[in-house]
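S.K.: Sharing a model that was predicted from the sequence below.
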Amino acid sequence: MRTHFIAIGGSAMHNLALALHNKGYKVTGSDDAIFEPSRTRLEKKGILPEEMGWFPEKITSDIEAVILGMHAKADNPELLKAQELGLKIYSYPQFLYEQSKNKTRVVIGGSHGKTTITSMILHVMHYHNINVDYMVGAQLEGFDTMVHLTEENDFMVLEGDEYLSSPIDRRPKFHLYQANIALISGIAWDHINVFPTYENYVEQFEIFIQKITNGGILVYNENDPEVKRVAEAATNPIRKLSYSTPAYKVENGTTLLETPDGDMPIEVFGAHNLNNLAGAKWICQNMGVDEADFYEAIASFKGASKRLEKIASNANNVAYKDFAHSPSKVSATTKAVKQQYPDKKLIACLELHTYSSLNAEFLKEYEGALDAADVAVVFYSPDAVKIKQLEEVTYEQIAQSFNRKDLVIYTNPDAFKEFLYHLKFDTEKIALLLMSSGNYGGLNFDEVKNLI
């Protein structure tokens, strides 16, 4: 099958391109810029575009599927040519549905935790040599690509993002998968550039539940009041299974999970990750893995990339980086690190980087999010605000929103780097937590490792 990707260089798009190439499809693509690691990975498979840019002449009538990425615009020259020729144009999630419509689709949704839960499920399946198709939002240890597609596997495990499908399809991605087995981990207002009200955002999860196939299963986090309300209000013919944070304790920096066979040490930590683990367990059990086998496998799960990822440690200090940026995730992550290392000085640094976090109106959602930290630091770039064409966010607005008198705020990348370089790792016991979906204006995390 001949497929052409418009905006092939994106994290999700290039992984789908690699998966289709591995499946034997003839893959071509275009983009106006491709960065690492996408560039090298596409080049190795011989599907890196020869030159950057959009070339309508690449779009010919023998193309059986055009896959349109979010990075492309609605007036993209290649898209216009494809429309003119009447070619079949798919968004990324539409195409994944087409690839899995004869399989049991397991869709993991939620404002936070979905990458970790999907990763936990895949880790368990991989551990027990159970082959499944999948799409996950982070690179996992032991997996070559973030997307894997076959003809023969019975299950397709999909991370269900609520963001829009494509420039010409404004439906949330997870609506298109029509789950047989679905999970919702949490609901906390996000993507306010697309969903301007909280009610509008919550509605997307209600629709997600409605689209579960008749006779399907909804696994939901009953510790989240909004998830519980939405799940219990659903009237379509599905089976509902709730989960909650399991019993656990922390001893000498190790988290012990209570299981029927006694306390079991695990690699991940924090109440939110234990909650994720409970959700993953229900899903795995509904995919045929019994409880004992789940526990055996999950003991060795170290976490998804950039999700509470330990980047350095020694006898006295430890440093983590985390993708956390929404208020609820920032709060949960900060509390988790403090609980895991109660004897260390927790220095929590948050970069405001997304559309939502740089929105003056949304900022008030962050009140109390960094309260568990001994030292709370916020970094944001006024240039990022300008690039995103948002109203200017002031120092005072940030200070007021977090409602913490000793909050430290940086807007200059060099000044923030200086702050890190002057931390007293040699004389104090420090837990450094770097939370961002960006890089603090160019911070080299390898340099941070060397500080510890």
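M.R.: Perfect, I can see it now. Residues are numbered from 1 along each chain as shown.
S.K.: Can I get stretch 325-333 in CSV, CA atoms only?
M.R.: The C-alpha coordinates for stretch 325-333 follow below in CSV (Å, rounded to 0.1, in the frame of the first residue of the first chain):
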residue,chain,number,x,y,z
HIS,A,325,3.0,20.9,33.3
SER,A,326,-0.7,20.8,34.1
PRO,A,327,-1.5,21.9,37.7
SER,A,328,-2.8,18.6,38.9
LYS,A,329,0.3,16.7,37.6
VAL,A,330,2.7,19.3,39.0
SER,A,331,1.1,19.0,42.4
ALA,A,332,1.1,15.1,42.3
THR,A,333,4.7,14.9,41.1
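S.K.: And the contacts of that stretch?
M.R.: Contacting residues not belonging to stretch 325-333 are listed as 111-112, 186, 188, 190, 270-272, 308, 322, 324, 350-354, 356-357, 365-366, 368-372, 433, 435-437 [Cβ atoms under 8 Å, 6 or more residues apart in numbering]. Quick note: C-beta positions are derived from backbone N, CA and C, even for glycine.
S.K.: Can you tell me which of the residues you listed are buried?
M.R.: 111-112, 186, 188, 190, 270, 272, 308, 322, 324, 350-354, 356-357, 365-366, 369-370, 372, 433, 435-436 (16 or more other Cβ atoms under 10 Å).
S.K.: remind me, longest strand of this protein?
M.R.: strand 345-352 (DSSP state E).
S.K.: Could you tell me the model confidence score at the most centrally placed residue in the chain?
M.R.: Geometric centre of the chain, nearest residue: residue 115, 4.5 Å, by Cα atoms, centre = their mean. What the model reports for residue 115 is a pLDDT of 92.
S.K.: Do I have it right that it meets residue 307?
M.R.: Yes. Counting by Cβ atoms under 8 Å, residue 115 touches residue 307, with 6.3 Å between them.
S.K.: Return every residue with contacts to both of those two.
M.R.: 138, 323.
S.K.: Show only the entries of the contacts of stretch 325-333 found in helices.
M.R.: Assigned to helices by DSSP state H, the following of the contacts of stretch 325-333 qualify: 271, 272.
S.K.: Grab the nearest non-local neighbour of residue 56.
M.R.: Spatially, and ignoring its direct neighbours in sequence, residue 56 is nearest to residue 81 (4.0 Å; Cβ to Cβ, 6 or more residues apart in numbering).
S.K.: Share the number of residues neighbouring the one you found, please.
M.R.: Counted with other Cβ atoms under 10 Å, the neighbours of residue 81 add up to 19.
S.K.: That one belongs to a helix, doesn't it?
M.R.: Yes. Counting by DSSP: H, G, I helix; E, B strand; the rest coil, residue 81 is part of a helix.
S.K.: Wait, it touches residue 63, no?
M.R.: No. If you go by Cβ under 8 Å, residue 81 and residue 63 don't touch, sitting 10.1 Å apart.
S.K.: residues in contact with residue 31?
M.R.: Going by Cβ under 8 Å, 6+ apart, residue 31 touches 7, 8, 9, 10, 49, 52, 71.
S.K.: if you set the cut-off to 10 Å instead, what comes out?
M.R.: Residue 31 is in contact with 5-10, 13-14, 38-39, 42, 48-49, 52-54, 69, 71-72, counting by Cβ atoms under 10 Å, 6 or more residues apart in numbering.
S.K.: Can you tell me which of those are buried?
M.R.: For these, a burial check counting by 16+ other Cβ under 10 Å picks out 5-10, 13-14, 38-39, 42, 48-49, 54, 69, 71-72.
S.K.: In helices, which of the residues you listed fall?
M.R.: Counting by DSSP H, the part of the buried ones among the contacts of residue 31 found in helices is 13, 14, 38, 39, 42.
S.K.: Would you mind measuring from the spatially closest residue to the fourth one that is not a sequence neighbour to residue 9?
M.R.: So the one you mean is residue 39. Computed as Cβ to Cβ, 6+ apart, the closest residue to residue 39 that is not its neighbour in sequence is residue 48, at 6.4 Å. Remark: distance between residue 48 and residue 9 (Cβ to Cβ, to the nearest Å) = 9 Å.
S.K.: Between these two, which contacts overlap?
M.R.: Shared between the contact lists of residue 48 and residue 9 (criterion: Cβ under 10 Å, 6+ apart) are residues 17, 29, 31, 34, 38, 39, 42.
S.K.: Run through the helices of the protein in chain order.
M.R.: Assigned by DSSP H, the helices in the chain fall at 11-22, 38-44, 77-85, 92-100, 114-127, 198-210, 225-233, 271-286, 291-298, 327-340, 382-387, 395-402, 413-421, 445-451.
S.K.: deepest of those helices, which one?
M.R.: Among those, helix 114-127 has the highest mean neighbour count (mean count of other Cβ atoms under 10 Å), at a mean of 25.
S.K.: Run the angle between that one and helix 291-298 for me.
M.R.: Angle between the axes of helix 114-127 and helix 291-298 is 100 degrees (criterion: axes from the mean of the first three to the mean of the last three Cα atoms, to 10 degrees).
S.K.: What would helix 114-127 look like as CSV? C-alpha coordinates only.
M.R.: Extracted as CSV, the C-alpha positions of helix 114-127 are listed here (Å, rounded to 0.1, in the frame of the first residue of the first chain):
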residue,chain,number,x,y,z
LYS,A,114,-2.2,8.0,30.2
THR,A,115,1.4,7.6,28.9
THR,A,116,2.5,5.9,32.1
ILE,A,117,-0.5,3.6,32.2
THR,A,118,-0.1,2.6,28.5
SER,A,119,3.6,2.1,29.2
MET,A,120,2.9,-0.1,32.2
ILE,A,121,0.5,-2.3,30.1
LEU,A,122,3.0,-2.7,27.3
HIS,A,123,5.8,-3.5,29.8
VAL,A,124,3.6,-6.3,31.3
MET,A,125,2.8,-7.7,27.9
HIS,A,126,6.4,-7.5,26.8
TYR,A,127,7.5,-9.2,30.0
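S.K.: one step back: residue 146: which of the helices of the chain is closest?
M.R.: helix 11-22 (4.2 Å; Cβ to Cβ).
S.K.: For the helices of the chain, give me CSV that also has distance to residue 216.
M.R.: Formatted as CSV, the helices of the chain follow (distance: least, Cβ to Cβ, whole Å):
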stretch, distance to residue 216
helix 11-22, 25
helix 38-44, 34
helix 77-85, 34
helix 92-100, 14
helix 114-127, 17
helix 198-210, 10
helix 225-233, 13
helix 271-286, 10
helix 291-298, 21
helix 327-340, 27
helix 382-387, 41
helix 395-402, 40
helix 413-421, 47
helix 445-451, 41
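S.K.: Figure out which of the ones you listed is closest to residue 346.
M.R.: Per Cβ to Cβ, nearest to residue 346 of the helices of the chain: helix 327-340, 5.0 Å.
S.K.: Average pLDDT for the closest one, rounded please.
M.R.: Averaging pLDDT along helix 327-340 yields 93.
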